[in-house]
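Chemist: Just need the structure, nothing else, for what follows:
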Amino acid sequence: MRVEEPDRMHTPRPTGLVLLAASFALALLLAGCGSTQVLSGPNPHVVKMSGTCYLTALGDVGCWGDNQFGELGNGVNASSSISNAPVKIVGLAGRAIDIAEGSFFNCALLQDRRVQCWGTNDAGELGQGDAHPKYSARPLFVRGLAPAKEIAASGDNVNDYGCALTVRGGVECWGRNDTGALVVRNKPRGALLTATYVDGLTSGVTSLSVDTDHACAVRSGGSVTCWGTWTRGGYGPLNDWTNLAPKHGVRAVSTDGGATCVLMDVGSVECWGYPATVESTHPTVVAGLSKGVRSVLLTQNVGCAVMDRGTVRCWGDDSEGELGNGYIDASVTFYRAVQVKNLPGAVRSVTELGAGTYAVLTGGHVVAWGGVIPIQIGNEVSSETIHLRPAQVF
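Modeler: Model prediction:
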C-alpha cells in the first residue's frame, strides 16, 4: 500500500541513528506538507559528508554525535556524552581533502597526502603499529602508509578498518580484520596494526569502495577486483564475485553487504548481489539508470545515483521515505530508480546515515530525506523524524 502524507514523527526502529541522539543545537523545525523543512544554523560550505562528519571547502573537518572513544576529535577525553552540534577536529596537521568514517573512528586525508585518524584503536584502527593508545581524541598519523589520494573506512564490531588508495594506485588497509575480509598475505585474520597492501593491489587501481564484508577496486583498464567475505561464505579474493563483474568500461564501484554496483563509462549503473536493492546474480542495469549517471551510492536497503544535471534518483526500500519521492510504501521494494522530489539545488554527492540519505549541494548546504537524524528544539530532543522530501540540515 502506498500512502502520501506530510512529514511526521514516529517511534524509530533501531538503526545507526541512535549513535547520534541529537543534531544541531537551536534547530528549528518548520512543518508543512511538501515544503522544504529548514533547520537553522550557519552554512559551513560542505563539500563532502561521511557518516556524522563533514569536510568544508576550507579543508576543515567537523563531526557530531557519539564521543565514547574520542570520535569527535576535539582533544577532549573520550566520554559517553553526545554532541548536539558539529565539533571542529583539533590537531589536523594541514588542510583536509577527503574524510572517511568507520564505526568508532574517523580519518582525514591531508593535502600533503598523509592520513590522520582518531577514535578507537583497540584493533589498530588508528594504524599506530600496536593497540596503544586504546583510543585517541586527537588525530594521529597512520604509520607506514604511502602517499594517498583517496580514503575509505567501514566496519562494525567484527570488521572496523580503514583503507587508502595510494597515489601510485595501490590499496593499503589497517584495523580490525576478525573475519579475514582484508586479504593480506600471511595475515588471514586478526588486527592489522599498520597500513598493509591488499594482496595483488600494489598498483593500477583507480577507484575503491569498502564495506564490512567485502571491498572492490576498479583497475586502470576498467575491470573490477573484489575481496573479502560475502553472504555465501568464504574468504579471499572473491573470484566468483570478480568474475561476475564487467571486464571493461567500469568508472567507479560501490559496495554494501552482499551487493555491488558499478558505474559504467557510458553513464549507466549495473548491480548484482542480495540486499533489498538488488536481487540479481549477474550485473544488471538498474531501471531508470541506463545513462546520465555521475556517481552511485549503494547501501543495505537503498541505492541512489547523482545524475549529470545534479538531480538524484533512488531505488530500494521506501518504508521510511528513503526514496525521497513524497511517499511511504513498505509493501514493495522499488527496483526502478525514482526521482527525489523538491531538491533545492544541484547535488554534488550523497551519503548514507542510518535510514536517511544526505545530499551535499553544490552551494555547500546539506539536505536529507528518509529517517533523518533527531532534531533538537531548545533543550528537548525529538524522536527520529521521517522526511518524505528533502529537508535542509544546514
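Chemist: so where's the stretch 1-150 of the chain shaky on pLDDT?
Modeler: 1-43, 80, 84 (pLDDT under 70).
Chemist: All the strands of the stretch 151-300 of the chain, residue numbers only.
Modeler: Taking DSSP state E, counting those that start in this stretch, the strands of the stretch 151-300 of the chain run over residues 160-166, 171-175, 192-197, 205-210, 214-219, 224-228, 250-256, 259-264, 269-273, 280-285, 293-298.
Chemist: and Gly91, which of those strands is closest to it?
Modeler: strand 160-166 (17.5 Å; CB to CB). Yep, even glycine has a C-beta here, placed from its N, CA and C like the rest.
Chemist: so which of the strands of the stretch 151-300 of the chain is the most packed in?
Modeler: strand 171-175 (a mean of 29; mean count of other CB atoms under 10 Å).
Chemist: Now do that one, average pLDDT.
Modeler: The average pLDDT within strand 171-175 is 93.
Chemist: re the thing from before, got CSV for the strands of the stretch 151-300 of the chain, with distance to Val366 too?
Modeler: Formatted as CSV, those follow (distance: least, CB to CB, whole Å):
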stretch, distance to Val366
strand 160-166, 24
strand 171-175, 28
strand 192-197, 31
strand 205-210, 22
strand 214-219, 27
strand 224-228, 30
strand 250-256, 20
strand 259-264, 23
strand 269-273, 23
strand 280-285, 30
strand 293-298, 15
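Chemist: which stretch among these comes nearest Cys53?
Modeler: Of all the strands of the stretch 151-300 of the chain, it is strand 160-166 that lies closest to Cys53, at 13.2 Å by CB to CB.
Chemist: That closest one relative to strand 192-197, how many degrees between them?
Modeler: Per axes from the mean of the first three to the mean of the last three CA atoms, to 10 degrees, the angle that strand 160-166 makes with strand 192-197 is 30 degrees.
Chemist: Quick check: which helices or strands does strand 160-166 pack against?
Modeler: Applying 3 or more CB pairs under 8 Å, 6 or more residues apart in numbering; DSSP states H and E, one finds that strand 160-166 makes contact with strand 105-110, strand 115-120, strand 148-155, strand 171-175, strand 205-210.
Chemist: Kindly reformat those strands as CSV containing distance to Asn67.
Modeler: Formatted as CSV, these follow (distance: least, CB to CB, whole Å):
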stretch, distance to Asn67
strand 105-110, 11
strand 115-120, 9
strand 148-155, 17
strand 171-175, 20
strand 205-210, 24
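Chemist: returning to that earlier point: out of the strands of the stretch 151-300 of the chain, the one nearest Val115 is which?
Modeler: For these, the distance to Val115 is smallest for strand 160-166, at 5.9 Å, taking CB to CB.
Chemist: just to revisit the earlier point, out of the strands of the stretch 151-300 of the chain, which is closest to Lys48?
Modeler: Using CB to CB, the strands of the stretch 151-300 of the chain put strand 293-298 closest to Lys48, at 11.5 Å.
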